[in-house]
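Student: Generate coordinates for the sequence data below:
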Amino acid sequence: MRYKSIMVHLHMRHSNTAVLKAARNIAERFNAGVIGIMVGQQTQMIYGRGYAALDFFDCEDKYIQKKLSETEALFRNEFEGFSGAIEWRSTVTRELMTDYIAAEARSADIIITGISPTDFYEGPAGVTAGEIVLKSGRPVLAIPIATENLSLDNILVGWKDTREARRAILDALPLLQIAKQVTLVEIVPEAEIEAANNRLYDLTCWLKRHDIAAECLTYASKDDDASQFADIVREQQANLVVIGAYGHSRLHEWVLGGVTNELLQQTEVCCLLSH
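Tutor: Take a look at the predicted model:
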């Protein structure tokens, strides 16, 4: 199993340097084609007064077109000399930007996007990695925008016996196969430690059939699983975290917090998420 088509989503509001470098890194490792994608959203006009409103939309459209053009140039510059196929797709819409990205994801095996702690507060004109995960039907590799180099040496898989987690570890197989170290982690109540160990043992046997050796770590829950998991990621010095995204309802994640949101608002570790 290998990634043959990579889609790299570029943001209009923050730096794309890290995500472009990561996309080239992955593309070269797997000899994959790359599709660059970017969306600009026009302001919805509910009520306007004549020429003033027209002037605003004209200026806005020129700004969006300028950003699309500049980012396409950055994309093509990053992939100068790249041996694989590259393609650029962009649009300006008044609809939800994530809908366009999700529809175009039919052409890709994996989507790479940048994440910033401010993404959750950008309002309807922003596109978050979480929204792409929920709508695209593809694994999403989320790269903190401050990342200097994408390393895939030490990968940590956050496990729960859920559909999302099973999907994520399958989607991550190409990356797990090139990692030097793979660690499986499950956090459970004290009474479920033995059951968790049995689950992780089954996982290691399955991974071994794919030529992947993995270490298992089981932890007793300390009530705040999201913070505890983040601490484990730091202790293990993981370069990449693999998790099933939004195993709880999204309302639960927003109100009570969760591992998915915890990871998407941090600035240290790259994450592969599937839903």
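Student: ok, then the element right after whichever strand or helix holds V34?
Tutor: Element membership of V34 [criterion: DSSP states H and E] is strand 33-41. Next helix or strand after strand 33-41 toward the C-terminus (DSSP H and E): helix 50-78.
Student: Name the next helix or strand downstream of the helix or strand of the chain with the lowest mean pLDDT, please.
Tutor: Between all helices and strands in the chain, the lowest mean by mean pLDDT, DSSP states H and E belongs to helix 250-256, at a mean of 42. Heading C-terminal from helix 250-256, the first helix or strand you meet, by DSSP H and E, is helix 259-264.
Student: Just the CA atoms of that next one, as CSV, please.
Tutor: Written as CSV, here are the backbone C-alpha positions of helix 259-264 (Å, rounded to 0.1, in the frame of the first residue of the first chain):
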residue,chain,number,x,y,z
VAL,A,259,-8.1,14.4,22.0
THR,A,260,-8.9,15.5,18.4
ASN,A,261,-9.2,19.2,19.4
GLU,A,262,-6.3,19.0,21.7
LEU,A,263,-4.0,17.9,18.9
LEU,A,264,-5.4,20.3,16.3
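Student: Would you map the helices across the stretch 101-250 of the chain?
Tutor: 129-136, 163-171, 173-178, 193-208, 225-235, 250-256 (DSSP state H, counting those that start in this stretch).
Student: would you turn those into a markdown table with mean neighbour count?
Tutor: Every C-beta, even on glycine, is put in place using the N, C-alpha and C of the backbone. Formatted as a markdown table, the helices of the stretch 101-250 of the chain follow (neighbours: other C-beta atoms under 10 Å):
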| stretch | mean neighbour count |
| --- | --- |
| helix 129-136 | 23 |
| helix 163-171 | 19 |
| helix 173-178 | 18 |
| helix 193-208 | 15 |
| helix 225-235 | 17 |
| helix 250-256 | 13 |
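Student: Tabulate the ones you listed (CSV), appending distance to D109.
Tutor: Formatted as CSV, the helices of the stretch 101-250 of the chain follow (distance: least, C-beta to C-beta, whole Å):
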stretch, distance to D109
helix 129-136, 11
helix 163-171, 9
helix 173-178, 9
helix 193-208, 20
helix 225-235, 25
helix 250-256, 25
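Student: Go through these and name the closest to E148.
Tutor: Nearest to E148, of all the helices of the stretch 101-250 of the chain, is helix 225-235, at 17.7 Å by C-beta to C-beta.
Student: Now do the closest one: which elements does it pack against?
Tutor: Using 3 or more C-beta pairs under 8 Å, 6 or more residues apart in numbering; DSSP states H and E as the contact criterion, the elements in contact with helix 225-235 are strand 154-158, strand 181-188, strand 215-220, helix 259-264.
Student: And this structure, what are its domain boundaries?
Tutor: 5-144, 154-274 (automatic domain parsing).
Student: from the middle of its chain, how far away would the longest one be?
Tutor: In terms of C-alpha atoms, centre = their mean, to the nearest Å, the gap separating the centre of domain 5-144 from the centre of its chain is 13 Å.
Student: burial measure for the closest residue to A18 other than its chain neighbours, as a count.
Tutor: In this structure, A18 finds its nearest non-sequential neighbour in T147, 4.2 Å apart by C-beta to C-beta, 6 or more residues apart in numbering. Residues near T147, counting by other C-beta atoms under 10 Å, number 20.
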